[in-house]
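Colleague: build me a model:
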Amino acid sequence: MPTYTITNTETNQSFEKLCTWNELEAFLGKNPNFKKELSAPSFVSGIEGKTFKEDAGFRENMQRIAEAHPNSALAEKYGNNRTGKSQRTFDAVKKHTSVGQAHNLPETAKEYKDGQLIK
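Modeller: Residues are numbered from 1 along each chain as shown. Okay, here's the model as predicted:
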């Protein structure tokens, strides 16, 4: 459903209204002191997980990027190429240090690879 910007001509206040075109026309017909602002309508295309689905090619590309950057948030979402033991070791290191937390990295970036922390 599109979102329209409506302005009150008496107070010059604007607000957004989520409705169909017919509902908008009915609203403007009943309220002559409101007018629709000229703009492109905004549409809600879907909600991830319900109507929006990623295709396999997009997921594959994201996994490839995540493998190249194992300490990123992308790697947490799309996985990485670590073995089970390596992943458990990384999780323990991550719990006790700032490795893997993109919002809390120190000035010098830390990388964790093959069971060793490299500065």
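Colleague: which helix or strand in the protein has the lowest average pLDDT?
Modeller: strand 111-113 (a mean of 54; mean pLDDT, DSSP states H and E).
Colleague: for burial, what's the neighbour tally of the closest residue to Met1 other than its chain neighbours?
Modeller: Of all residues not flanking Met1 in the chain, Leu18 sits nearest, at 5.7 Å (Cβ to Cβ, 6 or more residues apart in numbering). All C-beta spots, glycine's among them, are computed from the backbone N, C-alpha and C. With neighbours defined by other Cβ atoms under 10 Å, the count for Leu18 comes to 12.
Colleague: try Arg82
Modeller: The tally of other residues near Arg82 (other Cβ under 10 Å) stands at 19.
Colleague: chain neighbours aside, what residue packs nearest to it?
Modeller: Phe90 (6.5 Å).
Colleague: next, give phi and psi for the one you found.
Modeller: When read as degrees, to the nearest 10, the backbone of Phe90 gives phi -60, psi -40.
Colleague: over to Thr11?
Modeller: phi -110, psi -10.
Colleague: so how far is Thr5 from it?
Modeller: Distance of Thr11 to Thr5, computed by Cβ to Cβ, to the nearest Å: 15 Å.
Colleague: for Lys85, same thing?
Modeller: From Lys85 to Thr5 the distance is 56 Å (Cβ to Cβ).
Colleague: more neighbours: the two, which one.
Modeller: Higher neighbour count among Lys85 and Thr5: Thr5, with 15 against 9, using other Cβ under 10 Å.
Colleague: what's the domain layout of the protein?
Modeller: 2-43, 56-107 (automatic domain parsing).
Colleague: tell me the mean pLDDT over the first one?
Modeller: Spelled out, it's domain 2-43. Averaging pLDDT along domain 2-43 yields 87.
Colleague: roughly how far is that domain from the heart of the chain?
Modeller: 28 Å (Cα atoms, centre = their mean, to the nearest Å).
Colleague: which of the helices or strands spans Asn61?
Modeller: helix 56-68 (DSSP states H and E).
Colleague: with that, I have no additional questions.
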